[in-house]
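Undergrad: Quick one, fold the following:
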Amino acid sequence: MLQILIGSLILSVTHALIPNHWFPLVAVSRSEKWSRTESLKVTAITGGMHTVSTIAIGILIGFIGFKLSSTIEMITNIIAPLLLIVLGIIFIIMFFVNPHHSHEHHGEIEVLEKSKKKSKFAIIATLGTLMFFSPCIEIEAYYFTVGKYGWAGILTLSIVYLFVTVVELVILVDIGRKSLEKLNTKLHFIDHYERIIMGSVLIVLGLFIHFVNL
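TA: Numbers count the residues shown, from 1 in each chain. Modelled structure (predicted):
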């Protein structure tokens, strides 16, 4: 369970830190002149929708991992960690194939261009819908890994991911509203090197799960 907690925290924190997960919310709130309270409420709602869709798919993947691990021991010790490592390598290769890739996790830029013409409800609905239908692959892969621990592992990952992601997004949006350009410049390298960062995290996590038995 300690492995699950550590892995969940690392992936959740890294995932939410990517600027494209929260910066568009900062830009929209500033362009629409939302109050601090309104901005944080919208962030919590849209961030919650994003995590809920990821968790829903993850539970299914985790259940599959649980069923397989109960009948095939190799799933637990080799295949599950290997899945994380392979996915991490793919992320890194994708970066070098297309180093100028712009993270297209939610497609919020289109929202920015039209935000002034939309009502507040329409903006929230659009952002929420885009985030709901953009589950995170790296988290889904980890669900398969923790599936070997049964519902305890799956629920632990789900709770940590939901809490950390939403809280971190709210904090980042709050900070971002106060220093929009300065903060975005400082964290731009995270957005640019997102695939390398996430790929490295997945590889280290896979190796940790395979070699460390806590």
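Undergrad: any idea how far the helix of greatest length in the chain is from the chain center?
TA: Ranked by residue count and defined by DSSP state H, the top helix of the chain is helix 36-69. What separates the centre of helix 36-69 from the centre of its chain is 9 Å, taken as C-alpha atoms, centre = their mean, to the nearest Å.
Undergrad: List the buried residues in that helix.
TA: 39-40, 42-43, 45-51, 53-55, 57-59, 61-63, 65-66, 68-69 (16 or more other C-beta atoms under 10 Å). (Glycine included, C-beta is placed from N, CA and C.)
Undergrad: Likewise for stretch 136-143?
TA: Buried residues in stretch 136-143, counted by 16+ other C-beta under 10 Å: 136, 138-143.
Undergrad: neighbouring contacts of it?
TA: 7-8, 11-12, 15, 54, 57-59, 61-62, 65, 83-84, 87, 91, 105, 154, 157, 161, 198, 201-202, 205 (C-beta atoms under 8 Å, 6 or more residues apart in numbering).
Undergrad: What helix or strand is the closest residue to F95 other than its chain neighbours located in?
TA: Nearest residue to F95, sequence neighbours excluded (C-beta to C-beta, 6 or more residues apart in numbering): R195, at 3.9 Å. For R195, the element it lies in under DSSP states H and E is helix 194-211.
Undergrad: now F96
TA: In this assignment (DSSP H and E), F96 forms part of helix 80-97.
Undergrad: which outside residues touch that helix?
TA: Outside helix 80-97, the residues that touch it by C-beta under 8 Å, 6+ apart are 65, 69, 101, 137-138, 141-142, 144-145, 147-148, 193, 195-196, 198-207, 209-210.
Undergrad: can you give me the angle that helix makes with helix 36-69?
TA: For helix 80-97 against helix 36-69, the angle by axes from the mean of the first three to the mean of the last three C-alpha atoms, to 10 degrees is 130 degrees.
Undergrad: how about the CA coordinates for helix 80-97, as PDB?
TA: What follows is helix 80-97, C-alpha atoms only, in PDB (Å, rounded to 0.1, in the frame of the first residue of the first chain):
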ATOM      1  CA  ALA A  80       2.500  -4.500 -14.800                       C
ATOM      2  CA  PRO A  81       5.700  -2.700 -14.100                       C
ATOM      3  CA  LEU A  82       6.900  -3.300 -17.600                       C
ATOM      4  CA  LEU A  83       3.800  -1.700 -18.900                       C
ATOM      5  CA  LEU A  84       4.700   1.500 -17.100                       C
ATOM      6  CA  ILE A  85       8.300   1.400 -18.300                       C
ATOM      7  CA  VAL A  86       7.200   0.800 -22.000                       C
ATOM      8  CA  LEU A  87       4.700   3.600 -21.800                       C
ATOM      9  CA  GLY A  88       7.300   5.900 -20.300                       C
ATOM     10  CA  ILE A  89       9.800   5.100 -23.200                       C
ATOM     11  CA  ILE A  90       7.000   5.800 -25.700                       C
ATOM     12  CA  PHE A  91       6.400   9.200 -24.200                       C
ATOM     13  CA  ILE A  92      10.100  10.100 -24.400                       C
ATOM     14  CA  ILE A  93      10.400   8.800 -28.000                       C
ATOM     15  CA  MET A  94       7.300  10.800 -29.000                       C
ATOM     16  CA  PHE A  95       9.000  14.000 -27.700                       C
ATOM     17  CA  PHE A  96      12.100  13.400 -29.800                       C
ATOM     18  CA  VAL A  97      10.000  12.600 -32.900                       C
END
